[in-house]
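Asks: what follows is a predicted protein model with its sequence.
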Amino acid sequence: MTQLIVLPHVELCPEGAVIEAEEGKSICENLLANDIELDHACEMSCACTTCHVIVREGFNSLEPAEDTEEDLLDKAWGLEPNSRLGCQALVGATPLTVEIPKYSINMAKEGHRK
């Protein structure tokens with residue numbers, strides 16, 4: 001198990017959290033397993049940006065993002081150099097600190113169509 005620190009988010013995790021994350025599972029899977037309801041409109045298939053997180057510590061320990069993830073991240077709200085899609089970033093042995101952005105672009109939830 002690896003420590004995953006979640007910085008406070010007004011709606012999803014107001015107090016922040018420290019969880020024991022399962023290695024080999026995504027950040028998104030670990031958050032959901034610990035009752036932190038990170039949006040994941042495409043059911044974690046790397047087809048949207050709703051699970052966008054910013055990795056504040058431990059970013060370099062993650063495997064590099066693949067091209068599909070990089071292309072989607074370009075569309076994420078609040079993109080930063082250490083942004084990842086939570087469904088694609090797999091937790092390893094290095095502790096991580098993540099921030100869930102204040103906003104997310106969720107076309108399905110917001111009633112928009114492509």
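Replies: All right, it came through fine. These numbers were taken from a predicted model, which means no experiment stands behind them.
Asks: got a list of what the residue minimising distance to the centre of the chain touches?
Replies: Nearest to the geometric centre of the chain sits Gly86, at 2.7 Å (Cα atoms, centre = their mean). For Gly86, the contact set (Cβ atoms under 8 Å, 6 or more residues apart in numbering) comprises Ser26, Ile27, Cys28, Leu31, Leu38, His40, Cys51, His52, Val53, Val98. Every C-beta, even on glycine, is put in place using the N, C-alpha and C of the backbone.
Asks: of these, closest to Asn60?
Replies: Nearest to Asn60 out of those is Val98 (Cβ to Cβ; 14.0 Å).
Asks: surely that closest one is in a helix?
Replies: No: Val98: not assigned to a helix; according to DSSP: H, G, I helix; E, B strand; the rest coil it is strand.
Asks: and the helices in the protein?
Replies: Under the criterion DSSP state H, helices of the chain are mapped to 27-33, 67-73.
Asks: can you say which of those helices is packed in most?
Replies: helix 27-33 (a mean of 21; mean count of other Cβ atoms under 10 Å).
Asks: how about residues contacting that one?
Replies: 4, 6, 19, 21-22, 25, 37-38, 40, 44, 51, 53, 84-87, 89-91, 96, 98.
Asks: my guess is Asn34 contacts Ile19, does it?
Replies: Yes: counting by Cβ atoms under 8 Å, Asn34 does reach Ile19; the two are 4.4 Å apart.
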